[in-house]
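**Q** Just the structure for this:
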Amino acid sequence: MRITCVGGGPAGLYFAVLAKLADPSREITVLERNPAGVTYGWGVVFWDDLLDDLFRYDPVSARRIWDAACKWDEYEVRVTGKPDSHLGGYGYSMGRHKLLEILGERARELGVEVRYSDELTDPAALPPADLVVACDGAGSRIRDEHAGHFGATVETGRNKYIWLGTPHVFRTFRFGFERTEAGWIWFHAYPFSDTASTFIVECTPETWTGLGLDELDSKAGNARLEEIFAKHLDGHPLDDAGRGWLNFRRVTAERWDHGNLVLMGDAAHTTHFAIGSGTKLAMQDAMALADAIVGLAEEPLPAALEQYEHRRKAALAPLQRAALASSEWFERMPEYAELPATRFSYALSNRREDFPAWRYLLHVSTQSTVPRTMLRWTLSARRWNRARRRPVTAAVP
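**A** Here you go, the predicted model:
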């Protein structure tokens, strides 16, 4: 079986790994438009549920990801004029370039051909294949070539955001909200290596124009943000890698498969960055598609692809609702700005769902040092206990 993956992001590379592990005789090619080691974005975040899946599907790459990941606990919430507050929880993060390096190396070890700097300007020029996987991002050319069939729609979010990196290493995940003369502006920041952090800045369009960010070039705009967030950055610079300000694009597709062509990752769906699930969902797409094509000897390809689509749409639905609720909360953020610190941070944590009353009581009680420390110890024990239950990696096959 010949498989071509258009796009060498986490979805395409991980699917290639799993498809090759399932059947080493498959001829699998990954076409990536960027040069090796070049990617958009800084760090990615994920949680135990993805790690559990990764260890179940391929312990070799999972162990490499675990070893390379930053491991942080709790969330800090800092708001102008309010005392700092904290949210329970822990997670993992790593540089997107490091994740792609691990997956690319694993794919090549297994015999996958990964072609970098391969810009597919004409979808009709694809090499012959039994299965073509379009995992070329939210602006997928493959999907748009068959727009009438896939029925993709794009909804544009109201807020402006910019994806930045900084050499300032945050101790843990931090939300920071600053009041300016033009309104509120905030960031989501987390470490992704020993030397760098992701720093995503977001604000309403009124604040964006009021601060003059719509008229500033990259260098001047970054300098303005460094000034606004100076107390969080400790004198370190911000870098946008030339990508500039964006509005989030929520992509949905009515259909994901068309003959021997199937969509995966952001080409099929996007979820707002505020819930940090884009990488997780892309890699879980890869797992589901790899599972679906295992039984091709018993059922035709269209049936397998339809099974994959139904499985993933059902799994995505609650996360898409949560992501939409989260993005809408940030669009209304100024409405919550006058709440006391503890109530504000609880509203932030509760933005995706309606928590039971006891969660608020727990939140209030863990703002003081001793209960907060006990909660962190409890969650740390849970993290390492869960890690011990995962399989030990054997030698690379």
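
**Q** ok, the closest residue to Ser85 other than its chain neighbours - contacts?
**A** Of all residues not flanking Ser85 in the chain, Ser345 sits nearest, at 4.0 Å (CB to CB, 6 or more residues apart in numbering). C-beta: built from backbone N, CA, C; applies to glycine. Contact analysis of Ser345 by CB atoms under 8 Å, 6 or more residues apart in numbering lists Val77, Ser85, His86, Leu87, His363.

**Q** any idea which of those is closest to Arg2?
**A** Leu87 (47.9 Å; CB to CB).

**Q** and Arg250, how many residues sit next to it?
**A** 18 (other CB atoms under 10 Å).

**Q** Could I get the pLDDT score of the residue nearest to Ser85?
**A** pLDDT recorded at Ser345 is 96.

**Q** Quick check: it is in a helix.
**A** Yes: assessed with DSSP: H, G, I helix; E, B strand; the rest coil, Ser345 lies in a helix.

**Q** distance of it from His168?
**A** Taking CB to CB, to the nearest Å as the measure, Ser345 falls 22 Å from His168.

**Q** And for His258?
**A** 46 Å.

**Q** can you check Ala138 too?
**A** Ala138 sits 29 Å away from His168, going by CB to CB.

**Q** For Gly111, give me its contacts.
**A** Gly111 makes contacts with Lys20, Pro24, Ile28, as judged by CB under 8 Å, 6+ apart.

**Q** Equivalent analysis for Tyr14, please.
**A** Tyr14 touches Ser61, Leu103, Ala282, Met283, Ala286, Met287, counting by CB under 8 Å, 6+ apart.

**Q** so what's the first one up against?
**A** Read it as Ser61. Contacts of Ser61 by CB under 8 Å, 6+ apart are Tyr14, Val17, Leu54, Ile102, Leu103, Arg106.

**Q** cool, the fourth one as well?
**A** Under the criterion of CB under 8 Å, 6+ apart, the contact list for Met283 reads Pro10, Ala11, Tyr14, Leu50, Asp53, Leu54.

**Q** Export the residues you listed to TSV and append columns for distance to Trp377.
**A** TSV is the format used below for the contacts of Met283 (distance: CB to CB, whole Å):
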residue	distance to Trp377
Pro10	32
Ala11	36
Tyr14	34
Leu50	24
Asp53	27
Leu54	26
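
**Q** just the buried members of the residues you listed?
**A** Neighbour counting with 16 or more other CB atoms under 10 Å marks Pro10, Ala11, Tyr14, Leu50, Asp53, Leu54 as buried within these.

**Q** between those, which is nearest Ser326?
**A** Among the buried ones among the contacts of Met283, Leu50 lies closest to Ser326 (CB to CB), at 18.1 Å.

**Q** So for that closest one, what's the nearest residue that isn't a sequence neighbour?
**A** Nearest to Leu50 is Lys280, by CB to CB, 6+ apart, at 4.5 Å.

**Q** Does the one you found lie in a helix or a strand, and which?
**A** Per DSSP states H and E, Lys280 falls inside helix 278-292.

**Q** what element comes up after that helix heading to the C-terminus?
**A** Following helix 278-292 toward the C-terminus (DSSP H and E): helix 301-331.

**Q** Compute the inter-axis angle for that next one and helix 278-292.
**A** Helix 301-331 runs at 170 degrees relative to helix 278-292, counting by axes from the mean of the first three to the mean of the last three CA atoms, to 10 degrees.
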